[in-house]
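Trainee: Mind looking at a prediction? Sequence and model below.
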Amino acid sequence: MKKRHATQKLFIIFLTILLLCLSSVCQAKSIALSFDDGLDPRNQPMACSWNSSILEALLKAQIKSILFPAGKRIDTPAGFKLVKDWGKAGHLIGSHTYSHFNYCSKQVTLEQFIADTERNEALLKDLPGWTKRLRFPYLKEGETAAKRDRFRSWLTNHGYESGAVSIDASDWYYNKRYLEWCKNHPGEDLSTFRSAYLNHLWNRTTYYDALSEEVLNRSVKHVILLHTNAINAAFLPDIIEMYKSNGWKIISPEEAYEDPVYTMKLTTLPAGEGILWSLAKQQGISGLRYPAESDKYEKTLLDKLGL
Ligand SMILES: [Zn+2]
């Protein structure tokens, strides 16, 4: 009888541990990696090598991602091939428009922006992985309600879905500093730069995740905006490892975009930016830093580190 009791007790403990493990898996924070722009072999001699490094890191980690190419950068046989490599590797290809216009500029009309989106679709639509998902250049979605809403209607009528982001980490600024640093420190150990970049991405990730809790009372399925550039070619395996070691799950873009946050039609003007940032702005949350001003926030730190 005593033995039976002990077995039952052990079983209950085992079951409790199992349930705790399962619930922590279910609650794991999640993120999809997305990459903008595409590479231009005409003015980026390392384009092919950077593209391969990014794709290798994704393959090794068994991660599916999405690339949002801007046609003007990749509209050469060599550039187009690099995009095709993404599709052939099982990643999605969305649209970042052809000319990378800023839709919040008064000089860019609705008609122009539609024509530019159609031009990019014509270029990319036969590629493996093509998907009608639009990432606005600079995350700018229109400076007036009319421009914003009329293009939103056009997108819906033409079967486009949102390519919004929840984490805007300004990797482009770190990339700029990284390229300068590499030029001035050939052959030097990259570990200090790697740490600074990972710290930055982690800082932005935890910031936007906290913002998600604040505005929605939950952690959304995140989508981070990265670029096809040198710094991600160098450190993508470390970025992936950073998320995993912090207990985050890296998910596919399809899974992330199932989160209803990405279909919210926000009313902020000028429209755009990251979806959580925009939502926080709509809710009147104060103290939001403007994500695109990386020089303002990161320069002092990188200068201090000698990077
Ligand atoms: Zn872009």
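Mentor: Ah, there it is.
Trainee: okay, the residue of the stretch 101-250 of the chain found nearest the ion: pLDDT?
Mentor: The nearest approach of the stretch 101-250 of the chain to the ion comes at Pro137, 4.9 Å away (Cβ to the ion). No exception for glycine: its C-beta is placed from N, CA and C like everyone else's. Predicted confidence (pLDDT) at Pro137: the value is 98.
Trainee: Relative to the longest strand along the chain, what are the paired strands and their orientations?
Mentor: Longest strand in the chain by number of residues, with DSSP state E as the criterion: strand 30-37. Sheet pairing here is set by DSSP bridges, and for strand 30-37 it gives strand 66-69 (parallel), strand 222-227 (parallel), strand 249-250 (parallel).
Trainee: re earlier: please name the nearest non-neighbouring residue to the residue of the stretch 101-250 of the chain closest to the ion.
Mentor: His100 (4.3 Å; Cβ to Cβ, 6 or more residues apart in numbering).
Trainee: Can you get me a residue count around the one you found?
Mentor: His100 has 17 neighbouring residues, counting by other Cβ atoms under 10 Å.
Trainee: doesn't Ala70 make contact with it?
Mentor: Yes: contact criterion Cβ atoms under 8 Å: His100 and Ala70 qualify, at 4.3 Å.
Trainee: and for the two, which residues touch both?
Mentor: Asp37, Pro137 (Cβ atoms under 8 Å, 6 or more residues apart in numbering).
Trainee: Chain neighbours aside, what residue packs nearest to Arg152?
Mentor: Spatially, and ignoring its direct neighbours in sequence, Arg152 is nearest to Lys265 (6.7 Å; Cβ to Cβ, 6+ apart).
Trainee: Next: His200.
Mentor: Spatially, and ignoring its direct neighbours in sequence, His200 is nearest to Tyr174 (6.2 Å; Cβ to Cβ, 6+ apart).
Trainee: Dump the strands paired with strand 30-37 to a markdown table, plus distance to Arg152.
Mentor: Shown next, in a markdown table, are these (distance: least, Cβ to Cβ, whole Å):
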| stretch | distance to Arg152 |
| --- | --- |
| strand 66-69 | 18 |
| strand 222-227 | 19 |
| strand 249-250 | 30 |
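Trainee: Looking at the ones you listed, which is nearest to Ala280?
Mentor: Closest of the strands paired with strand 30-37 to Ala280 is strand 222-227, at 14.7 Å (criterion: Cβ to Cβ).
Trainee: now that closest one: how far from the chain's centre is it?
Mentor: Distance of strand 222-227 from the chain centroid (Cα atoms, centre = their mean, to the nearest Å) equals 1 Å.
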